[in-house]
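Q: Sharing a sequence plus its predicted fold:
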Amino acid sequence: MEKESLEQRSLRQFDTLVERGNLLWRTTTPQLIHASPFNFQFRSANSLTAKPILSSTDPGRSKPTNAFSDTDPGFHLSYIGPSHTLILNKYCVVRPQFLLHTNTFVPQADHLTEADLGAAWNVLSSLGKGYFVIYNCGFEGGSSVGHKHLQILPLPPKEEFRFFPDILGITLESPTSPRIPFRHAVKALPSSPSSFQLIEIYSSLVEQSGVNEVAGHNFLMTEDWMLVIPRRKGRKGILSANAAAMAGMVWVTSEVEVRQWVEHGPMKLLCEFGVLV
């Protein structure tokens, strides 16, 4: 009998958890909002209303306890090296949605390490080109809890939505796109990079984008590129933005939030959440 791939096993476990009511997810239809220099895709997910979101001063953001230690065994997928564990995300927007957490408590406000990036690439390369990784660093970066974790999600079909590095392209001469109004840095990745290469690229993007001048930042990575975006704040009223939102993929809890995003102007909001060029 042919061995299940990571993707096949995750989908099987995902569907079982949904049937049992242990994993919160339902099919959603994305809405495309046209903007310049890139479009926005909105998904409304009721599961996010149940998701715990700690305030910036909550002790859980610094208290050394494992936020994922009581996870139902049905959520567990695999240990990734000695330092990380891959599980299914309970509060899902898409199918499947993974969570890669450190085995011991590390603050979500810390920058990524070589071990983090190596573990993330391990998962990404196991799943293939149809996935991407995000990291929401700190409260201002849109993180919900204080225990360090990355998320891995399926990319949407290209005819539905593409992130701006794929639309606007990546040049070797500059780490930024002149059309993006908020600070960022992006770089194309070599084929099968080592964890050392990944941390070198991440560190250079952190420096080039000015992350150390602000409290938080976002990280996105596909098999083709890495993107870093410094953040000024995580929320405005009921609206919030994580790493995916800063690149145009916005998750909301209701149509009310979609209307507010559109009324404020989605690109204007990203400039408020991020740092103006």
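A: Perfect, I can see it now. Since we're looking at a predicted model, the values are computed, not measured. Numbering: from 1, shown residues only.

Q: wait, residue 212 sits on residue 205?
A: No. Using Cβ atoms under 8 Å, residue 212 is not in contact with residue 205; the gap is 11.8 Å. All C-beta atoms are positioned from the backbone trio N, CA, C, and that covers glycine.

Q: Give the residue from those two that has the larger number of neighbours.
A: residue 205 (21 against 10; other Cβ atoms under 10 Å).

Q: Need the phi and psi values for that one.
A: The phi and psi values for residue 205, taken as degrees, to the nearest 10, are phi -70, psi -40.

Q: Show the contacting residues for it.
A: Counting by Cβ atoms under 8 Å, 6 or more residues apart in numbering, residue 205 makes contact with 175, 185, 186, 187, 226, 227, 228.

Q: elements contacting the helix or strand that the fourth one is a member of?
A: Here residue 187, judged by DSSP states H and E, is contained in strand 185-188. Strand 185-188 is packed against helix 195-209, strand 225-231, with contacts defined by 3 or more Cβ pairs under 8 Å, 6 or more residues apart in numbering; DSSP states H and E.

Q: just for the stretch 51-200 of the chain, where's the confidence low?
A: Along the stretch 51-200 of the chain, the parts satisfying pLDDT under 70 run over 51-65, 67, 70-71.

Q: got the residue ranges for the strands in it?
A: Counting by DSSP state E, counting those that start in this stretch, the stretch 51-200 of the chain has strands at residues 76-80, 84-88, 98-102, 131-137, 149-154, 185-188.

Q: Can you say which of those strands is packed in most?
A: strand 131-137 (a mean of 25; mean count of other Cβ atoms under 10 Å).

Q: Partner strands of that strand and their direction?
A: Using DSSP bridges, the strands paired with strand 131-137 are strand 149-154 (antiparallel), strand 216-221 (antiparallel).

Q: could you redo these as JSON lines and give each row distance to residue 119?
A: Output for those, formatted as JSON lines (distance: least, Cβ to Cβ, whole Å):
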{"stretch": "strand 149-154", "distance to residue 119": "8"}
{"stretch": "strand 216-221", "distance to residue 119": "12"}
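
Q: Out of those strands, which is closest to residue 240?
A: strand 216-221 (12.2 Å; Cβ to Cβ).

Q: so for the closest one, what's the average pLDDT?
A: For strand 216-221, the mean pLDDT works out to 97.

Q: Stretch 246-260 too?
A: Averaging pLDDT along stretch 246-260 yields 94.

Q: centre of the chain versus stretch 123-131, how much separation?
A: Computed by Cα atoms, centre = their mean, to the nearest Å, the chain-centroid distance of stretch 123-131 equals 14 Å.

Q: Put the alpha carbons of that stretch into PDB.
A: The C-alpha trace of stretch 123-131 is given here as PDB (Å, rounded to 0.1, in the frame of the first residue of the first chain):
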ATOM      1  CA  VAL A 123       7.100  21.500   5.700                       C
ATOM      2  CA  LEU A 124       6.800  23.700   2.600                       C
ATOM      3  CA  SER A 125       9.000  21.400   0.400                       C
ATOM      4  CA  SER A 126       7.000  18.400   1.700                       C
ATOM      5  CA  LEU A 127       3.800  19.900   0.600                       C
ATOM      6  CA  GLY A 128       5.000  21.400  -2.700                       C
ATOM      7  CA  LYS A 129       4.600  24.600  -4.600                       C
ATOM      8  CA  GLY A 130       0.900  25.100  -3.800                       C
ATOM      9  CA  TYR A 131       1.500  26.400  -0.300                       C
END
